[in-house]
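> Turn this into a model:
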Amino acid sequence: RLDTLGKINIYFFLTVVLSNSFYRKGIEISDALISVSYIFFATASLAILIPMLRELDPPTRASIISSSLFPNAVNLAFPVLQATRGDYSYASVYAVTAIVFQSIVVPFLGGTGNALSYSLRGLTPVLGIPLGLLLRELGVNGHLSFTFGLLSDIGILMFSFVAGLSIPVGNKWVIDKRIALIGTWRILVSPAMHVAPFLLLIMLGYSLNHEALAQTLVEAVMPPALINISYAIALRFNVELSISSVVVLTPLGAVAGAILGLLL
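Have a look, this model is predicted:
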């Protein structure tokens, strides 16, 4: 049942939420900056973590890297932003970028590409971007606009529901230096790296979109994504470690995100 709800969220509600976001706000230069911010963080993290963790066994290394790089950018981030800032439109761009990057990179972390076709299905929500931009260009409004808004609100509730339902329970959690590394990367290293492209823009004399930065930083401290567990199972990573990182770090990431959302 949970797997079915998760698929409905990803393949339907996330697609609708993205369509609604881009239909209402269009696409801006800030959107590109948000994507660049995440890509900079992810590529720099790969360059640092892969050699740093080379002594570990491949399944454990893959779980640490995936948990450190890929946050809960939708199920937790969108409700947190809706509650603290009343908007998640820029976070939609972040989520798309993270989903695409994850779908491309994760199958190769464990030294295998046998799940490539499986992970490519995760790119389905990206179709919401051209759909939303097309509807905006056509000037569609009225009932369709209301319907998109209503479905997006339902989607946010579904994300919250599935996020709570998906927290694994059991007695096989691990809390050790590997979890500490993932937590440090998500809550401290991630926001520091994400802010670098924004600072560069300011140094070059461009104006800063405060809301884009605020939503990016909230996303940057989110805990590891629940889908990391699915990838760990499918690609034979260290499943116990992936589950533990979600269980242990979700409360910390949610609190950190809420604080940033209220203060920024």
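> Phi and psi next, for residue 224.
Dihedral pair for residue 224: phi -60, psi 140, per degrees, to the nearest 10.
> Look up the residues forming beta bridges with it.
For residue 224, the beta-bridge partners are residue 71 (DSSP bridges).
> now it: how far from residue 92?
20 Å (C-beta to C-beta, to the nearest Å). Any C-beta I mention is one placed from the backbone N, CA and C, and that applies to glycine too.
> tell me the secondary structure for the closest residue to residue 91 other than its chain neighbours?
Among residues not flanking residue 91 along the chain, residue 215 sits closest, at 4.6 Å (C-beta to C-beta, 6 or more residues apart in numbering). Secondary structure, DSSP: H, G, I helix; E, B strand; the rest coil: residue 215 is helix.
> Cross-check the contact I'm expecting between residue 215 and residue 90.
Yes: using C-beta atoms under 8 Å, residue 215 is in contact with residue 90, at 4.2 Å.
> count of residues packed around residue 203?
Neighbours of residue 203 under the rule other C-beta atoms under 10 Å: 8.
> try residue 131
Counted with other C-beta under 10 Å, residues neighbouring residue 131 total 18.
> Likewise for residue 264?
15.
> quick one: residue 49 from residue 231, how far?
16 Å.
> of these two, who's got more company?
With neighbours defined as other C-beta under 10 Å, residue 49 and residue 231 compare such that residue 231 has more, 27 against 18.
> residues contacting the residue nearest to the more buried one when sequence neighbours are not counted?
Sequence neighbours aside, residue 106 is the residue nearest to residue 231 in space, at 5.1 Å (criterion: C-beta to C-beta, 6+ apart). Residues near residue 106 by C-beta atoms under 8 Å, 6 or more residues apart in numbering: 66, 70, 119, 231, 235.
> what helix or strand does residue 106 sit in?
According to DSSP states H and E, residue 106 maps onto helix 89-109.
> can you give me the mean pLDDT across that helix?
On average, the pLDDT along helix 89-109 is 80.
> So that it lines up with my notes, have the first residue be 722 from now on.
Sure, I'll start counting at 722 from here, so that last one is helix 810-830.
> can you pull the buried residues of that helix?
Under the neighbour-count criterion of 16 or more other C-beta atoms under 10 Å, helix 810-830 has 810-824, 826-828, 830 buried.
> Likewise for stretch 773-781?
Those would be 774, 780-781, for stretch 773-781 by 16+ other C-beta under 10 Å.
> same thing with stretch 922-929?
Buried residues in stretch 922-929, defined by neighbour count with 16+ other C-beta under 10 Å: residue 922.
> swap in stretch 948-966?
Neighbour-count burial for stretch 948-966 flags 948-953, 956, 958-966 (criterion: 16+ other C-beta under 10 Å).
> can you tell me which two in the contacts of residue 827 are farthest apart?
Greatest spatial distance among the contacts of residue 827 (C-beta to C-beta): 791 and 956, at 13.1 Å.
> what residue is smack in the middle of the protein?
residue 794 (2.5 Å; C-alpha atoms, centre = their mean).
> Pretty sure that one sits in a strand.
No: looking at residue 794 with three-state DSSP, it is coil, so not inside a strand.
> Counting neighbours, what do you get for residue 801?
If you count neighbours by other C-beta under 10 Å, residue 801 ends up with 27.
> Nearest residue to it in space, ignoring adjacent ones along the chain?
Residue nearest to residue 801 in three dimensions, not counting chain neighbours: residue 978, with 4.7 Å by C-beta to C-beta, 6+ apart.
> Show me what counts as buried in the helix or strand containing residue 751.
Using DSSP H and E, residue 751 sits within helix 750-773. Across helix 750-773, burial judged by 16+ other C-beta under 10 Å covers 751-752, 754-759, 762-763, 766-767, 770.
> Then stretch 853-860?
Neighbour counts over stretch 853-860 (16+ other C-beta under 10 Å) mark 853, 856-857 as buried.
> Between these, which sits nearest residue 903?
Of all the buried residues of stretch 853-860, residue 853 has the smallest distance to residue 903: 33.4 Å, by C-beta to C-beta.
> and the gap between that closest one and residue 976?
Residue 853 sits 32 Å away from residue 976, going by C-beta to C-beta.
> Equivalent analysis for residue 805, please.
From residue 805 over to residue 976 the distance is 11 Å, taken as C-beta to C-beta.
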